[in-house]
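Trainee: using only what follows, build the 3D model:
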Amino acid sequence: MSTRARILEVAARLVAESPNGDISTRAVCEAAQVGAPALYRHFGDKEGLLSAVVDHGFDKYLATKRQRGESVDPVEDLRNGWDSHVEFALQNPNLYRLMNSPAMRTPPAAALESHRILTRDLERAAAVGKLRLAPELAAQIVMSANVGVALMLVARPATFSDAGMSRRVRDAVHAAVFTPDVTGASADAGGTRAGVSEAHVPSTAARLNALLRQSPDPALSAAEGTLLTEWLDRLSNAPGGR
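Mentor: Numbers count the residues shown, from 1 in each chain. Got it, this is the predicted structure:
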């Protein structure tokens, strides 16, 4: 095992065993039997080491997402993605808290990849007319809610003890980003029947935008394509459609 791998393995173990997920570089060096210069040479500083620990641990979770084939139903993939995200957090509480800590000034690569996978699945949903708004905005809404639920379950298990809470929040968030036919809703969040027809324009705009990104229309110039994308984004993200 290389020196870098040994340091990383020891740091990951200490993070998992720590009461609050925090570790010291001195403890890592002692446990890995290396000097501080070796640690700093491989990881730069403590933040670099912790970022590498997060990527190392979360990579195992992402491996399952990379290997799974996309199903014919992107909505089901998104539901399963939410549930597996929460499950990972519960199985790796210290690592998950560390990954989402404000102290991590640079987002770990694993977090960025997870967001890209989510956005890609939402783009697939938009391409078949199942999304109310643009995939990028939908990804921000879903990810922020998913992370918030996972953090509460990890950080305050005594308060957030309802086993079904995560799925309730998931379904509520999905009702806000998917078209009514997907969630079985008969009205929008405001409870009005008009919301069903109002959602048609944003979902159509989101679908057209996704299809054009997949296969750009050669009849449009680059400038025209950029302008059309801006208009479609504006329509798909219009407050009235939500």
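
Trainee: can we go C-alpha only for contacts and neighbour counts from here?
Mentor: Will do.

Trainee: which regions of this structure lie under the pLDDT threshold?
Mentor: 67-69, 183-199, 238-242 (pLDDT under 70).

Trainee: what about the strands in it?
Mentor: Counting by DSSP state E, the chain has no strands to list.

Trainee: and Met104, how close does it get to His200?
Mentor: Note on Met104: its distance to His200, by Cα to Cα, to the nearest Å, is 40 Å.

Trainee: the two - which one has more neighbours?
Mentor: More neighbours surround His200 than the other of Met104 and His200, with 19 against 14 (other Cα atoms under 10 Å).

Trainee: so who does Phe178 touch?
Mentor: Contacts for Phe178 (Cα atoms under 8 Å, 6 or more residues apart in numbering) come out as 130-133.

Trainee: max pairwise distance over those residues: which two?
Mentor: For those, with distances taken as Cα to Cα, the pair at the greatest spread is Lys130 and Leu133 (9.3 Å).

Trainee: what sits in contact with each of these two?
Mentor: Common neighbours of Lys130 and Leu133 (criterion: Cα under 8 Å, 6+ apart): 178, 203.

Trainee: ok, the two, which is more surrounded?
Mentor: Set Lys130 next to Leu133 and count neighbours by other Cα under 10 Å: Leu133 wins out with 33 against 25.

Trainee: identify the residues contacting the closest residue to the more buried one other than its chain neighbours.
Mentor: With sequence-adjacent residues excluded and distances taken as Cα to Cα, 6 or more residues apart in numbering, Leu133 is closest to Ser236, at 4.4 Å. Taking Cα under 8 Å, 6+ apart, we find Ser236 in contact with 132-134, 201-206.

Trainee: of the residues you listed, closest to Asp55?
Mentor: Ala134 (28.4 Å).

Trainee: how close does the closest one sit to Asp59?
Mentor: 28 Å.

Trainee: and Ala206, by the same measure?
Mentor: Counting by Cα to Cα, the gap from Ala206 to Asp59 is 31 Å.

Trainee: same drill for these two, tell me which one is more crowded.
Mentor: Neighbours per residue, other Cα under 10 Å: of Ala206 and Asp59, the larger number sits with Ala206, 31 against 18.

Trainee: right, and the more buried one touches Val128 too?
Mentor: No: if you go by Cα atoms under 8 Å, Ala206 and Val128 don't touch, sitting 9.6 Å apart.

Trainee: can you show me the helices along this structure?
Mentor: Along the chain, the stretches classed as helices by DSSP state H are 3-17, 25-32, 36-43, 46-67, 74-91, 93-99, 109-127, 135-155, 165-177, 180-183, 194-198, 200-214, 222-236.

Trainee: which elements pack onto the longest one?
Mentor: Based on contacts counted as 3 or more Cα pairs under 8 Å, 6 or more residues apart in numbering; DSSP states H and E, the elements that helix 46-67 packs against are helix 3-17, helix 36-43, helix 93-99, helix 109-127.

Trainee: alpha carbons of it, in PDB - could you do that?
Mentor: Provided in PDB are the C-alpha atoms of helix 46-67 (Å, rounded to 0.1, in the frame of the first residue of the first chain):
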ATOM      1  CA  LYS A  46      -6.000  19.300   6.600                       C
ATOM      2  CA  GLU A  47      -8.900  20.500   4.400                       C
ATOM      3  CA  GLY A  48      -7.200  18.700   1.400                       C
ATOM      4  CA  LEU A  49      -7.000  15.500   3.500                       C
ATOM      5  CA  LEU A  50     -10.600  15.700   4.600                       C
ATOM      6  CA  SER A  51     -11.800  16.400   1.100                       C
ATOM      7  CA  ALA A  52      -9.900  13.300  -0.100                       C
ATOM      8  CA  VAL A  53     -11.500  11.300   2.700                       C
ATOM      9  CA  VAL A  54     -15.000  12.400   1.600                       C
ATOM     10  CA  ASP A  55     -14.300  11.500  -2.000                       C
ATOM     11  CA  HIS A  56     -12.800   8.200  -1.000                       C
ATOM     12  CA  GLY A  57     -15.900   7.200   1.100                       C
ATOM     13  CA  PHE A  58     -18.600   8.700  -1.200                       C
ATOM     14  CA  ASP A  59     -16.900   7.100  -4.200                       C
ATOM     15  CA  LYS A  60     -18.200   3.700  -3.000                       C
ATOM     16  CA  TYR A  61     -21.800   5.100  -3.100                       C
ATOM     17  CA  LEU A  62     -21.300   6.800  -6.500                       C
ATOM     18  CA  ALA A  63     -20.000   3.500  -7.900                       C
ATOM     19  CA  THR A  64     -23.400   2.000  -7.600                       C
ATOM     20  CA  LYS A  65     -24.900   5.000  -9.500                       C
ATOM     21  CA  ARG A  66     -22.200   4.800 -12.200                       C
ATOM     22  CA  GLN A  67     -22.700   1.100 -12.700                       C
END
